[in-house]
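Trainee: Structure here, sequence nowhere to be found:
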């Protein structure tokens, strides 16, 4: 049994991750620490069983100094989570770190290097890594099944309120804190897939605007173009798209293509092949996808790696590459 805890509750995935951790048969949840007392009281007053039944630490040291706790999930707001993760690694704990890895890339590099030196694992919480459709497409693209992949397109928009009274950091006004706006907040999910398929882009050019938000510093309509020697990838994300959002992922190769819409819940994937292969005919095949719950498989992979039953699904170099690419796309690093 692995004893774990959670640091922070302001991330949009905090409740879902806490529930998945709590339900894993090989994990004992020691508790959760929220440094903002007002946020803690708000969650306790909400009546949500997840938070009502949780054990709350009064100080971070209660979990950071507890040698029986081997790993901690970092679920604070984007503006505070890198600092939390730095404390987790400094305390000698493994980290399940929800996206993205802060605004300071060089600081994240230092935290990652400390983790490496201590033999600790940092797994980023990009929720599409174990998604049936994304897994199939990535395997086809990386294996050469689609031929030479020359283009990837990702559209992952959302709709956000101007202000979010339940969690102010998640509204448009709150996310205006971050350079790149909605591209910073959501871009890592699909950039994780793009660089897994194509690697490090040679150049990134981004277009960002405020098209319809009162928070004038918030970039609500964004596009990043990633250039490779023999491929181009585009990622477009807006925060003002009418619901339900038409999230779409497309990969085009010289021998075939794969198109998935919607991303969630997983439904169908269209595979097009020039010639029959892999049990699929030439032409278009409609493939039914398994709708998997968020976080469950990814966290299970984290547990298996900690127990020594499997290697991590992504290397630390990959985690760094995703964050570097996001920072280049949003202006945090030169393109």
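Mentor: Received it, and whenever you're ready, just let me know what you need. Please read all numbers here as calculations on a predicted model, not as lab measurements.
Trainee: going forward, measure contacts and count neighbours with C-alpha atoms only.
Mentor: OK.
Trainee: Quick check: bridge partners of residue 97?
Mentor: Note on residue 97: beta-bridge partners by DSSP bridges are residue 74, residue 124.
Trainee: Verify the stated contact: it with residue 127.
Mentor: No: between residue 97 and residue 127 there is no contact under CA atoms under 8 Å: 11.5 Å.
Trainee: Which one of those two is surrounded by more residues?
Mentor: The neighbour count for residue 97 versus residue 127, taken as other CA atoms under 10 Å, is higher for residue 97 (24 against 21).
Trainee: contacting residues for that one?
Mentor: For residue 97, the contacting residues are 73-75, 85, 122-125, by CA atoms under 8 Å, 6 or more residues apart in numbering.
Trainee: try residue 297
Mentor: Residue 297 touches residue 130, counting by CA under 8 Å, 6+ apart.
Trainee: which of the residues in the helix or strand encompassing it are buried?
Mentor: Residue 297 is part of helix 296-306, with elements assigned from DSSP states H and E. Going by neighbour count (16 or more other CA atoms under 10 Å), the buried part of helix 296-306 is 296-304, 306.
Trainee: likewise stretch 269-278?
Mentor: 269-273.
Trainee: just stretch 249-269 next, same as before
Mentor: 249-253, 256-264, 266-269.
Trainee: Please enumerate the helices of the stretch 201-335 of the chain.
Mentor: 296-306, 316-330 (DSSP state H, counting those that start in this stretch).
Trainee: I'd like these written out as CSV, with mean pLDDT added.
Mentor: What follows is the helices of the stretch 201-335 of the chain, written out as CSV (pLDDT from 0 to 100):
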stretch, mean pLDDT
helix 296-306, 97
helix 316-330, 98
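Trainee: Can I get the ones you listed in CSV including distance to residue 173?
Mentor: CSV is the format used below for the helices of the stretch 201-335 of the chain (distance: least, CA to CA, whole Å):
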stretch, distance to residue 173
helix 296-306, 30
helix 316-330, 17
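Trainee: For residue 281, find the nearest of the ones you listed.
Mentor: helix 296-306 (30.5 Å; CA to CA).
Trainee: related to what we said a few turns ago, narrow the buried residues of stretch 269-278 to those in strands?
Mentor: 269-273 (DSSP state E).
Trainee: And the residues you listed, which is closest to residue 173?
Mentor: Distances from residue 173 to those, taken by CA to CA, are shortest for residue 269, at 35.5 Å.
Trainee: For the closest one, give its distance to residue 167.
Mentor: Look at residue 269 and residue 167: by CA to CA, to the nearest Å, they are 35 Å apart.
Trainee: next one: residue 68
Mentor: 32 Å.
Trainee: Between the two, point out the one with more neighbours.
Mentor: residue 167 (16 against 12).
Trainee: Name all residues that make contact with that one.
Mentor: residue 10.
Trainee: Determine the set of other helices and strands touching the helix or strand hosting residue 191.
Mentor: Taking DSSP H and E as the criterion, residue 191 maps to helix 182-198. Here helix 182-198 is seen to pack against helix 132-143, strand 221-228, strand 231-238, helix 316-330 when contacts are counted using 3 or more CA pairs under 8 Å, 6 or more residues apart in numbering; DSSP states H and E.
Trainee: switch the cut-off to 7 Å
Mentor: Judged by 3 or more CA pairs under 7 Å, 6 or more residues apart in numbering; DSSP states H and E, the packing partners of helix 182-198 are helix 132-143, strand 231-238, helix 316-330.
Trainee: where does the stretch 201-335 of the chain dip in pLDDT?
Mentor: Along the stretch 201-335 of the chain, no part satisfies pLDDT under 70.
Trainee: Isn't residue 238 up against residue 154?
Mentor: No: using CA atoms under 7 Å, residue 238 is not in contact with residue 154; the gap is 11.8 Å.
Trainee: what about residue 45, how many neighbours?
Mentor: 11.
Trainee: That one and residue 166: what is the separation?
Mentor: In terms of CA to CA, residue 45 sits 12 Å off from residue 166.
Trainee: How about the secondary structure of residue 21?
Mentor: Classification of residue 21 by DSSP: H, G, I helix; E, B strand; the rest coil places it in helix.
Trainee: Spell out which residues sit in contact with it, please.
Mentor: residue 27 (CA atoms under 7 Å, 6 or more residues apart in numbering).
Trainee: do residue 79 as well
Mentor: Contacts of residue 79 by CA under 7 Å, 6+ apart are residue 102.
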